[in-house]
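Participant: The amino acid sequence is not available; the structure is as follows:
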Ligand SMILES: Cc1cc2nc3c(=O)[nH]c(=O)nc-3n(C[C@H](O)[C@H](O)[C@H](O)COP(=O)(O)O)c2cc1C
């Protein structure tokens with residue numbers, strides 16, 4: 001395999017392209033799309049977003065210390081792109097994208113996006129001024145999920161929502177399921193149908 005060496009840069013993909021909703025303390029709200037985001041701690045649950053200070057949303061997050069990470073789906077791909085190429089300085093992205101602000105469970109200012117299947121409510125605990133982007137490190141205060149994706153056994157079927165991925169400038173669906181956590185080391189359960197067939201075969205050969 002032949003490889004080229006590129007100058008240092010960011011090439012960590014795929015990423016989510018989430019819509020982050022936020023507000024200032026006067027009740028002005030906005031949405032921006034963020035790909036520089038991730039989970040950083042399980043307990044306490046923590047996440048981050050990295051935002052350029054020149055974004056209209058930046059000062060809202062800085063002022064209220066609140067934002068909501070709203071997961072995006074294939075259905076929300078257009079809205080996610082729009083919220084990432086237009087500024088709230090010029091347009092009302094809620095209205096332009098037909099999105100509905102909902103009341104967060106544990107935040108005072110930032111609204112959730114109702115059309116998103118998962119709203120991760122975050123409160124900023126630290127701001128790291130890294131360079132081009134400032135990282136808002138936040139504690140997750142609550143998670144709201146669309147309960148129409150709960151199955152009869154009480155399991156949240158997140159992967160039925162049609163989650164959106166962002167990779168190297170392109171939006172993509174997730175594609176087919178390849179396995180589940182730990183499947184590489186899990187012992188295979190014998191295939192019931194095969195077992196029955198071979199039993200039947202044995203039965204008939206006696
Ligand atoms: C897919 C995608 C990912 C983006 N990721 C980021 C990001 O991680 N950080 C950031 O500051 N801007 C990011 N942007 C750009 C902002 O979303 C964009 O500048 C937006 O218009 C800012 O909105 P605002 O001015 O209303 O705050 C992204 C845009 C797109 C389309």
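Facilitator: Nice, thanks for sending it over. Note that the structure is predicted; figures quoted are calculated from it, not measured.
Participant: mind checking the SS state of residue 59?
Facilitator: Following DSSP: H, G, I helix; E, B strand; the rest coil, we place residue 59 in the helix state.
Participant: That one touches residue 26, doesn't it?
Facilitator: No. If you go by Cβ atoms under 8 Å, residue 59 and residue 26 don't touch, sitting 11.4 Å apart. (C-beta placed from N, C-alpha, C; glycine too.)
Participant: For the most centrally placed residue in the chain, list the residues it contacts.
Facilitator: For the chain, the residue nearest the mean C-alpha position is residue 71 (3.7 Å; Cα atoms, centre = their mean). Residues counted as contacts of residue 71 (Cβ atoms under 8 Å, 6 or more residues apart in numbering) are 16, 18, 116, 117, 118, 120, 161, 163.
Participant: Number of residues surrounding the fourth one?
Facilitator: If I follow you right, that is residue 117. 24 (other Cβ atoms under 10 Å).
Participant: any chance you could map the strands in the protein?
Facilitator: In the chain, the strands defined using DSSP state E lie at 18-23, 29-34, 37-41, 46-51, 66-70, 101-102, 112-113, 118-129, 134-145, 165-167, 170-172.
Participant: In TSV, list the ones you listed along with mean neighbour count.
Facilitator: Output for the strands of the chain, formatted as TSV (neighbours: other Cβ atoms under 10 Å):
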stretch	mean neighbour count
strand 18-23	28
strand 29-34	24
strand 37-41	14
strand 46-51	21
strand 66-70	28
strand 101-102	16
strand 112-113	25
strand 118-129	18
strand 134-145	18
strand 165-167	17
strand 170-172	13
